[in-house]
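1. Here is a sequence with its predicted model. Questions after.
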Amino acid sequence: MNEPASLTEYGAAIDASSMVAPADTAEFELEPDHPGLGDAAYIARRQFLFDITRHHRLTRQPPPLIDYTADETKIWREISPQLDELHVKHASEIYLKAKRTLAITADEIPQLRTLGERVRRETNMHLVPAEGALPYRIFYESIAERGFPVTQFLRHGSHPEFTPEPDMIHDCLGHVPPLMNRDYAELLTLIGKAAATTPHGEHVLLLKRFSWFSIEFGLIEEHGDVKVFGAGILSSFGEIPHSLFGTSARRRPFVTDDVIRQDYDPSHMQTEFFIAPSFAFLRSELEQLVGRLGIFNSGADLSSATASVP
Ligand SMILES: [Fe+2]
């Protein structure tokens, strides 16, 4: 097996083995530049939500019902209508229809347990409570079992427009609605199964890029227009107009070989976007990629894919 010992991710060399054997974080900690640092009440609330959601995840329970505070509701009511205005103009039809079906409104923070039950009836996906951003492999293992991990905490009120980590607004307003679409659900599940199965770090990296430029930052053609379906775009005021009209953003057709060669930096506004013709197209492209990589063949060998992947 001739897998390289190191790979390039976010512009830096990483150990290939870290993609298949990531560390799990059992302790809650805010990142060094988090706006909530120094706010004891926010940190205590985050610790409580970390503990309860991690416990529910590890004991395979659905998302706990959360009694959201007045501060959390205020943040939701501030952000949600502004995003909704942009969604109506720029989100994909599939997203908008699902958001209505799920009855996600700007007034009250929805309970992810309730949304998860509705999603399960539609596409047999379900929501898994997550204490924060999960390591890739754990994240993909959950998706392989048709469980999408969702956080239940909200960003800090001092910077409602910004979150350095995926929070409940990102997950609920970005990721949950498309789970109501069958092609999207199958696409996601296959990414999860492939990434959770392969022993090769490089395969995980390629699948992660495929996912990043579709599930997180994907654009889609609809009736001759370009619309947004990526969760990272849909949960950000800035990324929605930037992805569609920004002069520093490059938009190109979704060509799988280009996508899996494209590195990205999650800490900045994105500069590369790919436009897919449909979810069915993405699903078919992913099936071909997984076949080329030989992930579900016994004795999968990375060299079988080197003719068309970096
Ligand atoms: Fe995300």
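-> Yep, it's here. Residues are numbered from 1 along each chain as shown.
2. How about the residues of the protein by the ion?
-> Within the chain, the positions adjacent to the ion are 166, 231 by Cβ under 5 Å from the ion. Every residue, glycine included, has its C-beta placed from N, CA and C.
3. Contact partners for the residue nearest the centre of the chain?
-> Note on the chain: the residue nearest the mean C-alpha position is Glu216, at 5.0 Å, using Cα atoms, centre = their mean. Contact analysis of Glu216 by Cβ atoms under 8 Å, 6 or more residues apart in numbering lists 230-232.
4. give me that answer again for 10 Å
-> 166, 170, 174-175, 208, 230-235, 264, 266, 270 (Cβ atoms under 10 Å, 6 or more residues apart in numbering).
5. Restricted to helices, list the residues you listed.
-> 170, 208, 231-234 (DSSP state H).
6. Against which helices or strands is the helix ranked longest in the chain packed?
-> Scanning the chain for the helix with the most residues, using DSSP H, yields helix 70-90. Judged by 3 or more Cβ pairs under 10 Å, 6 or more residues apart in numbering; DSSP states H and E, the packing partners of helix 70-90 are helix 40-58, helix 93-101, helix 168-170, strand 225-228, helix 231-234, helix 239-245.
7. related to what we said a few turns ago, among the ones in helices among the contacts of Glu216, which one has the most neighbours?
-> Leu234 (27 neighbours; other Cβ atoms under 10 Å).
8. got the helices and strands packed on helix 70-90 as TSV, with mean pLDDT columns?
-> TSV is the format used below for those (pLDDT from 0 to 100):
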stretch	mean pLDDT
helix 40-58	96
helix 93-101	95
helix 168-170	95
strand 225-228	97
helix 231-234	94
helix 239-245	95
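9. Which one, of the ones you listed, ends up nearest to Ala196?
-> Nearest to Ala196, of all the helices and strands packed on helix 70-90, is helix 40-58, at 15.7 Å by Cβ to Cβ.
10. List the buried residues in the closest one.
-> Along helix 40-58, these residues count as buried under the neighbour rule (16 or more other Cβ atoms under 10 Å): 42-43, 45-46, 49-50, 52-54, 56-57.
11. isn't Thr114 right up against Ala103?
-> Yes: applying Cβ atoms under 10 Å as the test, Thr114 and Ala103 come out as touching, 9.2 Å apart.
12. Can I get stretch 145-160 in CSV? Just the C-alpha atoms.
-> The C-alpha coordinates for stretch 145-160 follow below in CSV (Å, rounded to 0.1, in the frame of the first residue of the first chain):
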residue,chain,number,x,y,z
GLU,A,145,-25.9,5.0,10.6
ARG,A,146,-28.1,7.7,9.2
GLY,A,147,-27.6,9.9,12.3
PHE,A,148,-26.7,13.5,11.6
PRO,A,149,-24.8,15.1,14.6
VAL,A,150,-26.3,18.4,15.7
THR,A,151,-25.2,20.9,18.4
GLN,A,152,-27.7,22.4,20.8
PHE,A,153,-25.8,25.4,22.1
LEU,A,154,-26.0,28.9,20.7
ARG,A,155,-23.2,31.3,19.9
HIS,A,156,-22.2,34.1,22.2
GLY,A,157,-24.5,37.1,22.3
SER,A,158,-21.7,39.7,21.9
HIS,A,159,-21.2,38.6,18.3
PRO,A,160,-24.4,37.1,17.0
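13. ok, for Asp71, nearest residue in space, not its chain neighbours?
-> In space, not counting the residues next to it along the chain, Asp71 is nearest to Gly157; the distance is 5.8 Å by Cβ to Cβ, 6 or more residues apart in numbering.
14. Any idea how many residues pack against that neighbour?
-> 15.
15. got the contact list for it?
-> 35-36, 39, 42, 71-72, 74-75, 78.
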